[in-house]
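pasting the sequence and the predicted model now:
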Amino acid sequence: MEIRTRFAPSPTGYMHIGNLRTALYEYLIAKSQNGKFILRIEDTDQERLVEGATDVIYNTLKMTGLKHDEGPDIGGEYGPYIQSERMGLYMDYAKELIEKGQAYYCFCSKERLSSLKSSNEKGDAFAKYDRHCLGLSTEQIQQNLDAGIPFVIRQKMPTEGTTTFHDVVYGDITVENEELDDQILMKADGYPTYNFANVVDDHLMKITHVVRGSEYLSSTPKYNLLYEAFGWEAPVYVHLPAVMRDAHNKLSKRHGDKSFEDLVNEGYLVEAIVNYIALLGWSPSDNTEIFSLSELEKAFTIEGLSKSPSIFDIKKLTWLNGEYIKNMKPDDFYILAENRLKKAIKNTSLDLKKIALLLQKRLETLNDIPTLVDFFDKLPEYSTELYIHKKMKTTKEIALSSLKAALPVLENLSVWTETAIHDALMELVQTLEIKNGQLLWPVRTALSGEPTSPGGAMELADILGKQESLNRIKIGISKLENEN
RNA sequence: GGCCCGAUGGUCAAGCGGUUAAGACACGGCCCUUUCACGGCUGUAACCCGGGUUCGAUUCCCGGUCGGGUCACCA
């Protein structure tokens, strides 16, 4: 049998990291077994509709490479794939359940229901619906219907016995049927609830594996009862533990946690994000950590899914992002970095490709670029304390004499290439009989004005060019001379 | 509060009755080195508690603690 999974987000306007991980696992479960991955938009909550929100979903799937085989934008055999366009369906199924005695009309007002709830002291008997409308006669129901009294349709739960379902990650879960509330299937506005629509749609779309967050674990017995009531085969359930911000809170956009697009904007690579979240709740059979999407498709198994929640660790994502950057082809990296480089460096005579090359192996996120390359554009104000470096065995005095010695040597260079600069400076080190660092550290410092820079003295000198390099060394010399 | 689920270093995580309890991130140290970084080496650090079962429990069972989820005409 062909595996079919679905991603069924409701359009909220951004892609939550937890949702993206769910989509990833759904995709991987299907693709690791040559199955189909379906996109269905769940927009039955008319009060929460957000303009343009479905585009965010399409874009994210496209960017991440989670290509769906069926969906609203590409069609498929089991459409429509937008719940609001399937409105005609649900009422008929609800009525079928009424005929089977598994559901019933309820005319109770919201006021009555809420007073029912408040009459329950909290901690007292649970606030189940009291089945006020269950005993209505056919005539009464018809009268109410004719009178246009708003109604909902409720699922009729068994009052005794237990219901057990199997979940692939959590195992068998059993609940007492008397714990189950007669949940609403059809709302007064004629729309189905999620609880009803997802069962009907999953069945109609021949979904074999229902993958979703563990918050649905407690309502799954009701869904199972629904499948039974219809005489349908229940799907394989795969519930996923939550992605947390810390030990106590789920990751949530509303509380300031980053969405997928936030991370992208902050300079994280899509591939790195996908790789990282794959590892957040799943682990491969070996110790591999770097996975492309297609490698994940091969390596993924449901057994690797864990059942305890995991905390989203931006530090590890950052590390992984750095790994991805380092592993890129230099040309590809340049394309990625170009915009940010151009924004940070106005001086068009500088060779941005050379700078990118230096940057690539010491960058963790793209957003680090501006602060790392600022000094190329303009020598920052700096303190001469920078010239003191214990490991390089430099003092201000040594720095001054080194810079003074380096200046004429560099001035006399007719060819300004990294090799030429390197040879000249190393020769000078020999002549002066000092340590490499005692010459190179001062030069590097004078050229950058920064405690750290994406490259050493020779690389910086090469990129800055002869004129600018000499200028900066002169500035260094006068700064140091003014100290005395 | 009822019900459901979970618990291995700070974090992600292997582990499926017998292990010196992996690995990665982060952190510390060392080496390399013209800084930082990269790379290499290395260190600190964990089985929630109490009872069973067993020759033997991190692993199985029960209880507790802690944490999460759920109890909507939201999904």
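Structure's in. What do you need? Numbers count the residues shown, from 1 in each chain, chains lettered A, B, ... in the order given.

what residue, apart from its backbone neighbours, is nearest whichever residue of chain A sits closest to RNA strand B spatially?
Residue nearest to RNA strand B within chain A: residue A:456 (1.8 Å; C-beta to the nearest atom of the strand). To be clear about C-beta, it is placed using only N, CA and C from the backbone, and glycine gets the same treatment. Leaving aside its sequence neighbours, residue A:456 sits nearest to residue A:444 (C-beta to C-beta, 6 or more residues apart in numbering; 5.5 Å).

that neighbour is in what secondary structure piece?
Using DSSP states H and E, the element containing residue A:444 is helix A:436-448.

just to revisit the earlier point, pretty sure the residue nearest to residue A:456 is touching residue A:452, no?
No - counting by C-beta atoms under 8 Å, residue A:452 is not a contact partner of residue A:444; they are 9.5 Å apart.

specify the local secondary structure of the residue sitting furthest away from the middle of chain A.
If you look at how far each residue of chain A sits from its centre, by C-alpha atoms, centre = their mean, the farthest one is residue A:431, at 56.3 Å. Reducing the assignment at residue A:431 to three states with DSSP: H, G, I helix; E, B strand; the rest coil gives helix.

what is the helix holding residue A:444 packed up against?
helix A:396-411, helix A:418-432, helix A:457-464, helix A:466-483 (3 or more C-beta pairs under 8 Å, 6 or more residues apart in numbering; DSSP states H and E).

so residue A:56 touches residue A:19, yeah?
No - the pair residue A:56 / residue A:19 is not scored as a contact, 10.7 Å apart, by C-beta under 8 Å.

immediately after the lowest-mean-pLDDT helix or strand in chain A, which helix or strand?
One helix or strand of chain A scores below all others by mean pLDDT, DSSP states H and E: helix A:110-118, with a mean of 80. Going down the chain from helix A:110-118, the next helix or strand is helix A:138-146, by DSSP H and E.

near RNA strand B at all, the next helix or strand after that next one?
Per DSSP H and E, helix A:138-146 leads on to strand A:152-155 as the next helix or strand towards the C-terminus. Yes - counting by C-beta under 7 Å from any atom of the strand, RNA strand B is contacted by strand A:152-155 at residue A:152.

I'd like to know which elements strand A:152-155 is packed against.
Checking 3+ C-beta pairs under 8 Å, 6+ apart, strand A:152-155 ends up next to helix A:87-99, strand A:103-106, strand A:184-186, helix A:220-230.

highest mean neighbour count out of these?
strand A:184-186 (a mean of 24; mean count of other C-beta atoms under 10 Å).

close to RNA strand B, is it?
Yes - Strand A:184-186 comes into contact with RNA strand B (C-beta under 7 Å from any atom of the strand), by way of residue A:184.

after that strand comes which helix or strand?
helix A:194-204.

check residue A:484 and give its pLDDT.
Note on residue A:484: pLDDT of 61.

same deal with residue A:122?
Residue A:122 carries a pLDDT value of 46.

same deal with the one 3 residues further on?
Looking at residue A:125, its pLDDT stands at 49.

for the one 4 residues further on, same thing?
If you check residue A:129, the pLDDT there is 90.

how many neighbours does it have?
18 (other C-beta atoms under 10 Å).

apart from its neighbours in sequence, what residue is nearest it?
Among residues not flanking residue A:129 along the chain, residue A:182 sits closest, at 4.8 Å (C-beta to C-beta, 6+ apart).

tell me the secondary structure at that neighbour.
Once three-state DSSP is applied, residue A:182 turns out coil.

wait, it touches residue A:131, no?
Yes - between residue A:182 and residue A:131 there is a contact at 6.4 Å, judged by C-beta under 8 Å.

of these two, who's got more company?
Applying other C-beta under 10 Å to residue A:182 and residue A:131 shows that residue A:182 carries more neighbours, namely 19 against 15.

list the contacts of that one.
A:106, A:128-129, A:131, A:134, A:154-157 (C-beta atoms under 8 Å, 6 or more residues apart in numbering).

now these in a markdown table, with distance to residue A:240?
Shown next, in a markdown table, are these (distance: C-beta to C-beta, whole Å):
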| residue | distance to residue A:240 |
| --- | --- |
| A:106 | 33 |
| A:128 | 28 |
| A:129 | 30 |
| A:131 | 34 |
| A:134 | 35 |
| A:154 | 29 |
| A:155 | 25 |
| A:156 | 30 |
| A:157 | 26 |
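
quick one on the thing from earlier: verify the stated contact: the residue of chain A closest to RNA strand B with residue A:445.
No - Residue A:456 lies out of contact with residue A:445 (C-beta under 8 Å); the separation is 10.7 Å.

so those two - more neighbours on which side?
residue A:445 (26 against 18).

identify the residue nearest that one in space, chain neighbours excluded?
Closest to residue A:445 by C-beta to C-beta, 6+ apart is residue A:386, at 5.0 Å.

ok, that neighbour - how many residues close by?
Residue A:386 has 21 nearby residues by other C-beta under 10 Å.

which residues touch it?
So residue A:386 contacts A:445, A:449-451 (C-beta under 8 Å, 6+ apart).

what's the farthest-apart pair in those residues?
A:449 and A:451 (9.2 Å; C-beta to C-beta).

so between the two, which is more surrounded?
The neighbour count for residue A:449 versus residue A:451, taken as other C-beta under 10 Å, is higher for residue A:449 (20 against 11).
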